[in-house]
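In: pasted the sequence and its predicted model underneath.
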Amino acid sequence: MDRMTVKLPDGRLILKTDHYSQIMSQQHGIFAEGSAVDKLGYLEDLKEQGRLMELPCAAGKWVYSIECGEIQPYIVSYFSIDGDDLWFIDHLGGLIGVYGKTVFLSQEMAESAMNQNLNSMKGEVTKEHLTSDVSEQEKIINKVLEERKRQDAKWGEQNHSAYVWASIIGEEYGEMCKAINEFGFDPTPRREQDIYTEAIQTIASCVAMLECMKRNRAAAQNNNKGDLESDIT
């Protein structure tokens, strides 16, 4: 869009008009100027300098994120720009996702994007992808899931603050580092298995923390939704 304002030689900003209107304004000393025109000119300057962005929505709006094949609703509270990406952030400071890629303004838009992604992925998995590396990854992931079930059976659902989780995961990570050091002095299959076991436990603890964060975020979103509904009623 072309500029709507023009700067006169004396520095004043006026609205850009057609040639006839401009002649009449100059002859009669009447110009469309003032604080509103100055503000419009300021915004146009920012746009030309690449410093002006129009957000797709306001803070406090419900948005819909594609996560692991599911669509999750969130309330966006903050925005962050990273290159060409516009990140949506919730009130806890958690990253919801990138607008137009994983986050959308309606559930219908999110479902459409998810279906398009699934369709584009069909046929991309070729024989070359079905390698032993993938099978080994699946084995490791299954071990992590088994460890998570063991943790839940032993401790039940764990709901901690981020600081407590840092202590739990830090302890597991320390055990893994200890196993690595012992393997360095005694490179035997048993020591190597210790590294594997401690690494699985560390990863599983990280997964447990993420599950807890997800529960806390969902509870906070439900509380916010209840507050919004009570305000409306």
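Out: Good, I have the coordinates.

In: beta partners for the most centrally placed residue in the chain?
Out: With distances taken as CA atoms, centre = their mean, Gly97 lies nearest the centre of the chain, 2.4 Å away. With DSSP bridges applied, Gly97 shows beta-bridge pairing to Phe88.

In: neighbours of Glu198, just the number please.
Out: Burial of Glu198, expressed as a neighbour count using other CB atoms under 10 Å, amounts to 19. C-beta: built from backbone N, CA, C; applies to glycine.

In: can you tell me the SS state at the residue nearest to it when sequence neighbours are not counted?
Out: With sequence-adjacent residues excluded and distances taken as CB to CB, 6 or more residues apart in numbering, Glu198 is closest to Met176, at 3.8 Å. For Met176, the secondary-structure state derived from DSSP: H, G, I helix; E, B strand; the rest coil is helix.

In: any idea of the mean pLDDT for the helix or strand hosting Asp45?
Out: In the assignment (DSSP states H and E), Asp45 maps to helix 35-48. With pLDDT averaged residue by residue, helix 35-48 scores 77.

In: after that helix, next one along is what?
Out: Per DSSP H and E, helix 35-48 leads on to strand 62-67 as the next helix or strand towards the C-terminus.

In: I figured the residue nearest to Glu198 hits Ile200, correct?
Out: No. With the criterion set as CB atoms under 8 Å, Met176 and Ile200 do not qualify as a contacting pair; they are 9.3 Å apart.

In: still on that earlier bit, list the contacts for the residue nearest to the centre of the chain?
Out: Contacts for Gly97 (CB atoms under 8 Å, 6 or more residues apart in numbering) come out as Ser65, Ile66, Glu67, Trp87, Phe88, Val103.

In: tell me which of those has the lowest pLDDT.
Out: Confidence-wise, Glu67 trails the rest of the contacts of Gly97, at 81.
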